[in-house]
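Q: Show me how the following folds:
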Amino acid sequence: QVQLVESGGGLVQAGGSLRLSCAASGRTFSSYYMGWFRQAPGKEREFVAAIRWSGGSTYYRNSVKGRFTISRDNVKNTVYLQMNSLKPEDTAVYYCAVQSYYSGSYYYSGNYDYWGQGTQVTVSS
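A: Coordinates of the predicted model:
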């Protein structure tokens with residue numbers, strides 16, 4: 001079993017920054033991709049960013065490219081999401097997830113095995 005614990009959400013004004021963290025634990029932790037998804041009220045969960053654990057390749061949805069940066073610390077089994085130039089439309093609950101073994105594209109939430117509890121990000125205008 002793998003546990004994911006997110007932190008770092010909060011309320012920020014438009015143009016501000018936040019850094020989300022997601023710490024993974026569990027004796028059987030293994031990761032092919034770790035990703036961040038978000039879900040705004042009344043909307044479906046959507047892909048935000050992902051990182052391939054081995055090699056560190058990164059992937060982003062178009063609307064966050066140049067503003068968000070995903071990174072990982074292999075020793076701490078932690079993934080980060082640095083969010084800059086935040087916009088009101090970034091407001092959502094942000095979830096981290098792990099795809100333990102390759103089971104498909106990083107883009108689709110159904111390919112991930114474990115999920116965190118979510119952390120609220122609110123961007124005021």
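Q: From the chain's centroid, how far away is stretch 111-125?
A: The chain centroid and the centroid of stretch 111-125 are separated by 7 Å under CA atoms, centre = their mean, to the nearest Å.
Q: what residues are up against the most centrally placed residue in the chain?
A: The centre of the chain sits closest to Trp36, judged by CA atoms, centre = their mean, with a distance of 2.0 Å. Listed by CB atoms under 8 Å, 6 or more residues apart in numbering, the contact set of Trp36 reads Leu20, Cys22, Val48, Ala49, Ala50, Ile70, Val79, Leu81, Tyr94, Tyr95, Cys96, Ala97. C-beta: built from backbone N, CA, C; applies to glycine.
Q: what do you get for Asp90?
A: Arg38, Val64, Met83, Val121, Val123.
Q: The closest residue to the residue nearest to the centre of the chain other than its chain neighbours sits in which helix or strand?
A: Among residues not flanking Trp36 along the chain, Val48 sits closest, at 4.3 Å (CB to CB, 6 or more residues apart in numbering). When secondary structure is defined by DSSP states H and E, Val48 falls within strand 46-52.
Q: Please name the nearest non-neighbouring residue to the residue lying farthest from the centre of the chain.
A: In the chain, counting by CA atoms, centre = their mean, Ser125 sits farthest out from the average C-alpha position, at 22.8 Å. The shortest distance from Ser125 to any non-neighbouring residue, by CB to CB, 6+ apart, is to Pro88 (4.7 Å).
Q: so where do the strands sit in the protein?
A: Along the chain, the stretches classed as strands by DSSP state E are 3-7, 10-13, 18-25, 33-39, 46-52, 58-60, 68-73, 78-83, 92-99, 114-115, 119-124.
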